[in-house]
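*Asks:* Whatever this is, show me its structure:
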Amino acid sequence: MDSLHAIGFYVSAAVSLGGGLLVAFLPTRALRGLAVAISGLGIVGLYASLSADFAGLVALVCYAGCTLLLAAPQYRAMDAPVGMLWRQTGAIAAAGLFAVLAYAAFRGGFAHATFKGGEIGSAAIGSFLFAHDALAAEAVGALVLVALVGATAAWRVRERGR
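*Replies:* Reported below is the predicted structural model:
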């Protein structure tokens, strides 16, 4: 990665992180929706710097949808079904799990193994698909995206009918 790509990557990461922090701390729905959009633009920049254009397009559509849902006047907050003590206990347990995983990642040893089975592996299959069937892989990704959007729309129509 040359220096221009690295600068773009780190600037996009900072924009994404800043947008995420703004989502957590801004007081109104409209401002939080704008912060989600800013965070989404950072994610799209990360994908663009990694030459993952289709993934960036999917992320742009997803973040735009989330922004519209969050900033829409129909948005309503949900009451938590559990008490404050259980939520704090869960947060402490999640922090403890994160600490254990971080310790394991930084202090643990990694096992290095070699595969002697020939040219069939995930890297070889991925290279083959990208070399010969890139358009088909993009079409499958678009089909999955359309299916998810359709399922979401059907769920929303069913929920409005209740």
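*Asks:* Check the secondary structure at the spatially closest residue to residue 70 that is not a sequence neighbour for me.
*Replies:* Once flanking residues are discounted, residue 70 sits nearest to residue 33: 4.2 Å by Cβ to Cβ, 6 or more residues apart in numbering. For the C-beta atoms, the positions are set from N, CA and C on the backbone; glycine is no exception. When classified by DSSP: H, G, I helix; E, B strand; the rest coil, residue 33 comes out as helix.
*Asks:* mind listing what residue 42 touches?
*Replies:* Contact analysis of residue 42 by Cβ atoms under 8 Å, 6 or more residues apart in numbering lists 12, 13, 14, 15, 16, 17, 18, 19.
*Asks:* Filter the residues you listed down to just the buried residues.
*Replies:* The neighbour count (16 or more other Cβ atoms under 10 Å) marks 12, 15, 16, 19 as buried among these.
*Asks:* Hmm, the second one is touching residue 38, no?
*Replies:* Yes - at 6.4 Å, residue 15 counts as touching residue 38 under the criterion of Cβ atoms under 8 Å.
*Asks:* Give me the common contacts of these two.
*Replies:* The contact sets of residue 15 and residue 38 do not overlap (Cβ under 8 Å, 6+ apart).
*Asks:* quick one, domains of the protein?
*Replies:* With domains defined by automatic domain parsing, the chain comprises 1-77, 82-162.
*Asks:* Those domains: lowest mean pLDDT?
*Replies:* Ranked by mean pLDDT, the domains of the chain end with domain 82-162 in last place, scoring a mean of 75.
*Asks:* Out of the contacts of residue 42, name the ones that lie in helices.
*Replies:* Cross-referencing the contacts of residue 42 against helices under DSSP state H gives 12, 13, 14, 15, 16, 17, 18, 19.
*Asks:* wait, which of those residues is closest to residue 146?
*Replies:* Proximity of the ones in helices among the contacts of residue 42 to residue 146 (Cβ to Cβ) peaks at residue 16, which lies at 26.1 Å.
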